[in-house]
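1. Sequence and predicted structure, then a few things I'm wondering about:
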Amino acid sequence: MKTLLITIFVLIVAVILLLSIFSRVSKQGGAAGLVEGALSKCAKTPNCVCSEHSDDVDHYVEPIIIPRNVTVDALSLLREAIEESGGHVESEAKNYLAATFTSSIFRFVDDVEIRLDSAQQLIHIRSASRVGYSDMGVNRNRVGLLKRLFDEKIAEAN
C-alpha cells in the first residue's frame, strides 16, 4: 500500500512538473501570421480551428459574416469582444488582428488571429494552442464565444 501511494504521489508531481514546462514553452513564440494573405492552416493536431481553409474539415469553423448594413469598424468590435472575453490584443494591422488568451490554472497561451475580408464581407478567424496535442474543444468554444459577442455588438451598434 505504501509503494502504491508513493507511486501515485510521484506521478502527480511528474504531471504537474510537465504541465509547468508546457506553460513556460507556450509563453514563447507567437501567432502564425498570414501566409500569402490568408490565415495559416492548422497543424494535424486537434488543438486548432480556422475558418480560412474549408477543405480541412477537422479544423474548420464558419467565418463570421458581416451584415451588409454595418457602418462600424468590424475589427474594433472584435477587439472589444476579445478583451471582454479575457484576451489581449498583441498586434493589429489594417485587416489583421492577433491576440493571445492565457488559461487560468497553468497559464497556457493560445493565439487568436483574425483576418478581415471586406470584399466578401467575412471575418476569418483562427484559434490555436501553442503547445500540446488536444485542447478539449477550448479553441472551438472560444471562436463560438467571439462570434456571439461580435453579433451582440453589431446588434447594439445598429
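-> Structure's in. What do you need? Note that the coordinates shown come from a computational prediction; the quantities given were computed from them, not determined experimentally.

2. ok now do the residue most central in space within the chain, which residues does it touch?
-> Nearest to the geometric centre of the chain sits residue 127, at 2.6 Å (CA atoms, centre = their mean). Neighbouring residues of residue 127 by CB atoms under 8 Å, 6 or more residues apart in numbering: 48, 49, 50, 110, 111, 112, 113, 139, 140, 142, 143. To be clear about C-beta, it is placed using only N, CA and C from the backbone, and glycine gets the same treatment.

3. excluding its backbone neighbours, what's nearest residue 90?
-> Nearest non-adjacent residue to residue 90, counting by CB to CB, 6 or more residues apart in numbering: residue 98, 4.9 Å away.

4. how near is that neighbour to residue 83?
-> Computed as CB to CB, to the nearest Å, the residue 98 to residue 83 distance reads 14 Å.

5. What separation do you get for residue 66 and residue 106?
-> The value you get for residue 66 to residue 106, if CB to CB is used, is 35 Å.

6. which one of these two has more residues nearby?
-> Neighbours of residue 66 and residue 106, each counted by other CB atoms under 10 Å, are more numerous for residue 66; the result is 19 against 14.

7. Which pLDDT does the model give the more buried one?
-> On the pLDDT scale, residue 66 is placed at 91.

8. again with residue 27
-> With respect to pLDDT, residue 27 has a value of 60.

9. And residue 18, by the same measure?
-> In this prediction, residue 18 carries a pLDDT score of 69.

10. got it, and residue 12?
-> At residue 12, the model reports a pLDDT of 82.

11. Show the backbone phi and psi for it.
-> Dihedral pair for residue 12: phi -60, psi -50, per degrees, to the nearest 10.
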